[in-house]
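# model this:
(chains A and B)
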Amino acid sequence: MARKTRETEKLNINMTPMIDIVFQLLIFFVMSFKIVTPEGDFSVKMPMAPAEGKFDPESTPPLPPIAIRLNASMNGQLLEVQCGSHNLGRGEAGLVNLRKFILQQVAPKGGRPNPEVARETEIELTCDFRLKYEYVIKCISYVTGYREGNDVVRIAEKIKFAAPVGN
Amino acid sequence: MAKPRPQETADADMTPMIDMTFQLIAFFMVLINFTEADQNQAINLPSSELAKTPDFPPEGPVTLQVEKNGNVIYGIQTAKDFELKDLEKMLKDEYTQRKLMGKDPKMSTIIIRGDKNAKTGRIQQVVGVAQNVGYEKFILRAKEVAK
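Numbering: from 1, shown residues only, chains lettered A, B, ... in the order given. Next up, the predicted model:
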């Protein structure tokens, strides 16, 4: 008789506190969850210029840098794009022409630029102080490469900044 | 007199609910991002289709964020227009600290998160301050756009 009673006993664990805590944790994580947009990088190497008269073979590229000048309007919009003495146009169209111009320099025979040449090609950006930063990133995107399907074709890999113009 | 009904206890099976709840907790725990100090949401990054997510995290990163109005955010501190000297002092302290810890501070990477409407000159000023301290590796951060 005693044996029969033990068999029918049911062990009831009180789950309420655990469920309470679990729901509190869930609410905490849901509330603190934030969708973050993926961020990408452009690497820029900018060592201090060597003292006058000193030659640093590591920091001096074999090719002279391609000088790009970005002029801004009074409200910081991109006004004009120049490469050396060539005026390449205004606004976004100027940036498209800039890419074509640099591609002609890096790959004169057409086609994809040689990756080794791209690695050695240096771009020097001179911008107006008031130019909006988004145009600088746009310009870097245009001159460092382009997408062909899923591939990224590199045009130039080294970027440096000259002192800004105006204030 | 009616016979009293035998007492019934409703035993709902809680197992599936608890399974689901734990899975949800695990999901949010894995995806949660506490590094808000390094990703100020007030900064509207410029976008670029060529900006690439680094294959490995940068070495000894120091994040400098430049707001639209030119204020610089370093960690939780904000340097106002006239306080670039303070920023230089803070970066110098960081540089010395890394040296004392036996690390090469020149290998540290300065991450620049600039607002797309910030003035380029201001961002160059901030880069210049870091250069003066001795940092050489810089990363310009941009929002990745869908390819």
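# following the worst-scoring helix or strand of chain B on mean pLDDT, which helix or strand comes up?
Every helix and strand in chain B was compared by mean pLDDT, DSSP states H and E; the lowest is strand B:77-79, with a mean of 65. Following strand B:77-79 in sequence order, the next helix or strand is helix B:84-100 (DSSP states H and E).
# So for that following helix, mean pLDDT?
Average pLDDT, helix B:84-100: 87.
# Please state the offset of it from the chain centre?
20 Å (Cα atoms, centre = their mean, to the nearest Å).
# Each with direction, which strands does the following helix or strand past it pair with?
Following helix B:84-100 in sequence order, the next helix or strand is strand B:109-114 (DSSP H and E). Strand pairing for strand B:109-114, determined by DSSP bridges: strand B:61-66 (parallel), strand B:137-144 (parallel).
# which one of these lies closest to A:F33?
strand B:137-144 (19.7 Å; Cβ to Cβ). Quick note: C-beta positions are derived from backbone N, CA and C, even for glycine.
# Of all the strands paired with strand B:109-114, which one comes closest to A:N14?
Among the strands paired with strand B:109-114, strand B:61-66 sits nearest to A:N14 (Cβ to Cβ), with 47.8 Å.
# Can you pull out the residues in contact with the closest one?
With Cβ atoms under 8 Å, 6 or more residues apart in numbering or on different chains as the test, strand B:61-66 has contacts from A:133, B:37-38, B:40, B:43, B:72-75, B:87, B:91, B:94, B:108-115, B:118, B:122-123, B:126, B:130, B:135.
# Where in chain A is the helix or strand with the lowest mean pLDDT?
Ranked by mean pLDDT, DSSP H and E, the weakest helix or strand in chain A is helix A:2-8, scoring a mean of 56.
# helices and strands around the following helix or strand past that helix, which ones?
Beyond helix A:2-8 in the direction of the C-terminus, DSSP H and E gives the next helix or strand as helix A:16-32. Of the remaining helices and strands, those touching helix A:16-32 by 3 or more Cβ pairs under 8 Å, 6 or more residues apart in numbering or on different chains; DSSP states H and E are helix B:15-31.
# ok, the helix or strand following the helix it packs on near chain A or not?
Using DSSP H and E, the helix or strand that follows helix B:15-31 in sequence is strand B:47-48. Yes: on the criterion Cβ under 8 Å from any Cβ of the partner chain, strand B:47-48 is in touch with chain A at B:47-48.
# packing partners for strand B:47-48?
helix A:133-144, strand B:137-144.
# Mean neighbour count for these - can I get that in JSON lines?
What follows is the helices and strands packed on strand B:47-48, written out as JSON lines (neighbours: other Cβ atoms under 10 Å in any protein chain shown):
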{"stretch": "helix A:133-144", "mean neighbour count": "24"}
{"stretch": "strand B:137-144", "mean neighbour count": "21"}
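# got the ones you listed as CSV, with mean pLDDT and distance to A:G110 columns?
Formatted as CSV, these follow (pLDDT from 0 to 100; distance: least, Cβ to Cβ, whole Å):
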stretch, mean pLDDT, distance to A:G110
helix A:133-144, 91, 18
strand B:137-144, 88, 29
